[in-house]
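Asker: Curious how this folds, go ahead:
(3 chains)
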Amino acid sequence: MKRFLAFTIKEFRHIHRDTRTLLILFGIPVVEIVIFGYVVTNEIRHVPVVILDKSKDVTTQKITDRILASPWFLEETKVKSEKEIHDLFKRGNVRLAVIFGQDFEKKLMRREKVPVQVIADGSDPNAARLMVGYLTAIVIQAQKDLNKGMDKRGRLFIKSRMEFNPELKGAFMFVPGTIAMILMLISAMMTSISIAREKETGTMEAMLVSPLHPLQIILGKVVPYVVIAFIDAVIIMALGGAIFGVPLKGSLFLLIGEVILFIFLSLSLGIMFSTMSSTQMEAMFLSFFALLLPTVLLSGFIYPVEDMPVALQWFSTLMPARWFIVILKSIMLKGAGFLFVWKETLILAGMTLVFLLVSIKKFTIRLE
Amino acid sequence: MDEQDKSIGKRNTEHVVEVLDLTKRFGKFTAVNRISFEVCKGEVFGLLGANGAGKTTLIRMLCGLLRPTEGVARVVGYDVVHHPERVKFSIGYMSQKFSLYEDLTVAENIRFFGGIYGMKKKDLAKAGEAMIRKLRLEGVENRLIGTLPLGWKQRIAFSIAVLHRPGLVFLDEPTSGVDPVTRRQFWEMILETACEGFTIIVTTHYMDEAEYCDRIAIMTNGIIAGLDSPENLQNQFNVSSMEDLFWKITRERKTVDSITGI
Amino acid sequence: MRTILIIIQKEFLQIFRNRMILPMIFIVPLVQMLILVYAATMEVKHIDLLVVDRDNSQYSRGLISKLSGMKIYRVAVIPTAGKEAETCLLDNSADAVLEIPPDCERLLMQRQNSSVQLRMDAVDGMAAGIINQYTSLTINNYHKKWLASLMPGNAGNDLSQIRVIPRYWYNPGLNYKHYMLPGILVILVTIMGMFLSAINLVREKELGTIEQINVTPIRRIHFIPGKLIPFWIIALVELSFGLTIGWLLFRVPVRGSLLLLFGFTSVYLLAVMGIGLFLAALSRTQQQLMFVYFFVMLTFLLMSGLFTPVESMPQWAQTVNHINPFAYFMRVIRMILLKGSGFRDILPEFISMSIYAVAALILAVWRYRKTI
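Answerer: Residues are numbered from 1 along each chain as shown, chains lettered A, B, ... in the order given. Just a heads-up that it's a prediction; the model follows:
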């Protein structure tokens, strides 16, 4: 036990001296959470809009005012013809165009059906759908207000309640994912540093000859980084709460436990990876680009897993981050207790065990 | 400006390298401390010293790889501080790591480095063939450098360094990691080349290699503790072997000033 | 001039001897594209709905059967509000809960107003918004039809006079794959060009072969292009490969001029490779470069409009994007491929990128020292 401690302390010192890496290890989470929180969002804002009003009557003006007063749309410029609209779209200056036909109000008065043409730049389908959705909502609301006088009895009201995230903040979706991703990233990197140093200084042989059991060696390497990653997790959660209002409704204790478990998992995964690659470069390259990108996209971080093709959903079950994100969301945003997340926790624990065992096995093979 | 250069050139045809108070500091650490010496044309000049004595730093400065902190050095007539690139036309260099490209073949390395030095295709082809023959590597020229034994790499690296017939060649620990027999064979190669008129400056930490040199400078902690031919130095310090010489000199470095020999 | 060719030749020899390279250029991107393009969708494909039907009337049953008949809903019904209604959102077994109160139909029959409650799991805010909109619309339509069947001859009560007619240009099918694939191409091309060339340079530093180069009279102005050009070519090959796969597998259109696209990409590559080289000149080891590079790339990539539209970003992010080369490329590639934009349409971006390229390359050459 004493030897183990000495070994672990040595690892701590190593890290402490490497200032440039320390900067990255602590600075990056801060930068990333800010970026993710503010920049990556499903919502749309400041959509440049152009309105072609061929009627120019009171009603169209009212509707136009509402559109421009909304938080989603910004008037980019004014046009006189449809051709101008084409050019604006092509140049990418405008993403939505609203066209009111002639005699809009008159037709309304005559109880005729009046169309409002909306042209959306479909290259970004999600944004396009949202744009049209919001615009339609504005028009429907305007229509309702116009009809206020009419007799309406026997109406059905729908009371909508948004649970867990009443303001529909995008950060709620992304912050847990960011935590998972950054923890995984840092852990993968840190194990690479560790292995690289071992290779360069050739101290691994010395350690292997020592009476330390391979398990102890691996754990000894892993523990200092667990501490660092944990500090990073705390930083991220604190920032998430402070800047974006992401709450912690559930048990802090449970959350800490899960975070530590995930850190262990990521580190073990990183180590396993390094032992399986022949060169150090290969390990890093593979883990960054072949592992990270699919993880980011398949773990439910940005795109919900339930909406993916079935094959990919199966694939996603292999991603540890996917389970961890579910746990994080449940605990932080919904206040769920252990009873609700025991399944996912078990999966994570199982994966950790597997990775550790494989790492140890590879390790012992190298001894021979 | 040209006139001055020419006259400098004329005055120093005997000295291929002139160093005066050359110093290199890295922060607070002084690697090379006010070194002065000269190397004559056709000499085999050795820089002896333990690891960390400053030999490699010195060589790097003379090759135009490292910028001196203070002092003057003129190599093949050009000032190393102001015209490092002009120096490079007329020198050859072999580093400690035998920097050849491991994933290229012998022939490809030859063509590459020869081409970089601006050798014309025909000349390069001829020189390359001659080199292969001289080294008795026929049939090997299409093997990757990484697959060859260390001794072969060493000789190939040296031959490529002199391929473009530079007057002056710098060898930085050219025999590191190689067995004594191969070392000796390598030195035969070096001396042959010296006989063809090349000036050779070699660094080494093997004391026995000093015997091969015309003159040696013993470096320790960034200064030259002794400079003369091996025999003269042994006589001067009353010792009978190079090991004893080195031992004595480095012990006494505080009382021995750097001696410039002519 | 000849020296540049010699360096290029050497680089290519080394690149193709590296057994990892060819699979990396072709297989990894292919896999990435397949996974990513299929995974990346924001469409809500199904909604797990729990209905608490405390009314158990013709009205409520009709509504439930309408919902059940729609593919998007997976409906489960329970008669009373109980524990299940409470916990289904917590344990992620339902996306939304619709509660129909006990007197619903009776009140409506008496020409009074009634209400239902729709509770949604709003952790994914956007999805919740869509679920809300869609479900409300469905319920409202059902209610209107029910009203109409109950009180025939009330057609004049039809509110929806103003009808919004949407048209989606450039991507009428709202095919998300068409949106994602150019984005992925940006990533691939950038990695091939920027990352590989930079890591290559640092590797020579680490191995020491860079010294052998620095000791020769070769000029930086020859050496740097010699190092960059092979990867520049590879990146463009990658672009072609990616476009071909995109077209074959996903029918991603190429509405604009390919020549224009490759022209812009060439300039873009010069800019990012310049930056990459600059970073390489600052790094001592490959590891260092990778860390720095990875985080710089991740950050700027996210800000470039890869997943989320640039306009939605806060003002400061949009300002930063002016020096974000990825943002330019992301924009231009989508414009050319999906909209068929021409040279005049992308002229501002082209000019910006050219200036960027010149500045970056000058910086890179300046920073690279043969004499340290």
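
Asker: Helices of the stretch 151-300 of chain C, start to end?
Answerer: C:176-190, C:196-207, C:209-214, C:220-250, C:258-282, C:286-303 (DSSP state H, counting those that start in this stretch).

Asker: winner for burial among the ones you listed?
Answerer: The highest mean neighbour count among the helices of the stretch 151-300 of chain C, using mean count of other Cβ atoms under 10 Å in any protein chain shown, belongs to helix C:176-190: a mean of 24. Every residue, glycine included, has its C-beta placed from N, CA and C.

Asker: Make CSV out of the helices of the stretch 151-300 of chain C and add mean pLDDT.
Answerer: Output for these, formatted as CSV (pLDDT from 0 to 100):
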stretch, mean pLDDT
helix C:176-190, 87
helix C:196-207, 85
helix C:209-214, 89
helix C:220-250, 91
helix C:258-282, 92
helix C:286-303, 79
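
Asker: and chain B, which of these is closest to it?
Answerer: helix C:209-214 (4.0 Å; Cβ to the nearest Cβ).

Asker: do the closest one and chain A meet?
Answerer: No - Helix C:209-214 stays clear of chain A (Cβ under 8 Å from any Cβ of the partner chain), getting no nearer than 15.9 Å.

Asker: A:L312 against C:A39, yeah?
Answerer: Yes - with contacts counted by Cβ atoms under 8 Å, A:L312 reaches C:A39, the gap being 5.2 Å.

Asker: what do these two both touch?
Answerer: Here A:L312 and C:A39 share the contacting residues A:L298, scored by Cβ atoms under 8 Å, 6 or more residues apart in numbering or on different chains.

Asker: So between the two, which is more surrounded?
Answerer: C:A39 (25 against 19; other Cβ atoms under 10 Å in any protein chain shown).

Asker: The more buried one contacts A:T295, doesn't it?
Answerer: No - contact criterion Cβ under 8 Å: C:A39 and A:T295 do not qualify, at 11.0 Å.

Asker: Can you name the next helix or strand after the helix or strand of chain A with the lowest mean pLDDT?
Answerer: Ranked by mean pLDDT, DSSP states H and E, the weakest helix or strand in chain A is helix A:280-285, scoring a mean of 62. Following helix A:280-285 in sequence order, the next helix or strand is helix A:293-298 (DSSP states H and E).

Asker: now for the next helix or strand after that next one, which elements pack on it?
Answerer: Following helix A:293-298 in sequence order, the next helix or strand is helix A:310-316 (DSSP H and E). If you count contacts as 3 or more Cβ pairs under 8 Å, 6 or more residues apart in numbering or on different chains; DSSP states H and E, helix A:310-316 packs onto helix A:293-298, helix C:21-39.

Asker: Up against chain B, what does chain A have?
Answerer: Residues of chain A lying close to chain B (Cβ under 8 Å from any Cβ): none.

Asker: can you list contacts of stretch C:45-55?
Answerer: So stretch C:45-55 is contacted by A:306-307, C:60-61, C:64, C:67, C:71-81, C:84-85, C:88, C:93-105, C:131, C:134-135 (Cβ under 8 Å, 6+ apart).

Asker: Likewise for stretch B:75-84?
Answerer: B:5, B:8-9, B:12, B:16-17, B:61-64, B:67-68, B:72-74, B:86-87, B:90-91, B:167-168, C:370-371.

Asker: First-to-last residue distance for it?
Answerer: Stretch B:75-84 has an end-to-end distance of 9 Å (criterion: Cα to Cα, to the nearest Å).

Asker: mean confidence for it?
Answerer: For stretch B:75-84, mean pLDDT rounds to 91.

Asker: cool, stretch B:198-209 as well?
Answerer: Rounded mean pLDDT across stretch B:198-209 is 90.

Asker: residues of it that come out buried?
Answerer: B:F198, B:T199, B:I200, B:I201, B:V202, B:T203, B:T204, B:H205, B:M207, B:E209 (16 or more other Cβ atoms under 10 Å in any protein chain shown).

Asker: Can you pick out the most distant pair from those residues?
Answerer: Largest separation among these by Cβ to Cβ: B:F198 and B:M207, giving 23.7 Å.

Asker: which ones are touching the residue of the stretch 1-150 of chain A found nearest chain C?
Answerer: Here the stretch 1-150 of chain A gets closest to chain C at one residue, A:G122, 3.4 Å apart by Cβ to the nearest Cβ. Contacts for A:G122 were tallied using Cβ under 8 Å, 6+ apart; they are A:A128, C:Y168, C:W169, C:Y170, C:N171, C:P172, C:L174.

Asker: Tell me where the model's unsure across the stretch 151-262 of chain B.
Answerer: Counting by pLDDT under 70, the stretch 151-262 of chain B has low-confidence residues at B:252-262.

Asker: so where does B:I249 fall, helix or strand?
Answerer: Counting by DSSP H and E, B:I249 is part of helix B:242-251.

Asker: Strands of chain A, start to end?
Answerer: Taking DSSP state E, the strands of chain A run over residues A:47-53, A:73-78, A:96-100, A:114-121, A:156-163.

Asker: most tightly surrounded among those strands?
Answerer: It is strand A:96-100: most buried of these by mean count of other Cβ under 10 Å, with a mean of 23.

Asker: Next up, the contacts around residue 167.
Answerer: Since no chain was named, I'll use chain A. Contacts of A:E167 (Cβ under 8 Å, 6+ apart): C:G125.

Asker: try chain C instead
Answerer: A:Q117, A:V118, A:I119, A:A120.

Asker: switch to 6 Å and redo it
Answerer: By Cβ atoms under 6 Å, 6 or more residues apart in numbering or on different chains, the contact list for C:R167 reads A:I119.

Asker: tell me which residues form a beta bridge with it?
Answerer: Listed by DSSP bridges, the beta-bridge partners for C:R167 are A:I119.

Asker: coming back round to it: just the ones in strands from the contacts of stretch C:45-55, please.
Answerer: C:Y73, C:R74, C:V75, C:A76, C:V77, C:I78, C:A96, C:V97, C:L98, C:E99, C:I100.

Asker: In TSV, list the residues you listed along with pLDDT, neighbour count and distance to chain A.
Answerer: Listed next are the ones in strands among the contacts of stretch C:45-55 as TSV, based on pLDDT from 0 to 100; neighbours: other Cβ atoms under 10 Å in any protein chain shown; distance: Cβ to the nearest Cβ, whole Å:
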residue	pLDDT	neighbour count	distance to chain A
C:Y73	91	23	13
C:R74	89	15	10
C:V75	90	17	16
C:A76	89	16	16
C:V77	89	17	18
C:I78	87	15	18
C:A96	92	24	9
C:V97	92	25	9
C:L98	92	25	9
C:E99	91	18	9
C:I100	92	24	10
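
Asker: Quick check: of those, which lies closest to C:I351?
Answerer: C:A96 (49.9 Å).

Asker: Neighbours of the residue lying closest to that closest one once chain neighbours are set aside, how many?
Answerer: With Cβ to Cβ, 6 or more residues apart in numbering or on different chains as the criterion, C:A96 has its nearest non-adjacent residue at 4.5 Å, and that residue is C:M120. When neighbours are counted by other Cβ under 10 Å, C:M120 registers 29.

Asker: List the residues that contact C:M120.
Answerer: Counting by Cβ under 6 Å, 6+ apart, the residues that C:M120 touches are A:M162, C:A96, C:A128, C:I131.

Asker: ok now do the third one, which residues does it touch?
Answerer: The contact partners of C:A128, taken as Cβ under 6 Å, 6+ apart, are A:M162, C:M120, C:A122.

Asker: one more time with 7 Å
Answerer: C:A128 makes contacts with A:M162, A:L168, C:M120, C:D121, C:A122, as judged by Cβ atoms under 7 Å, 6 or more residues apart in numbering or on different chains.
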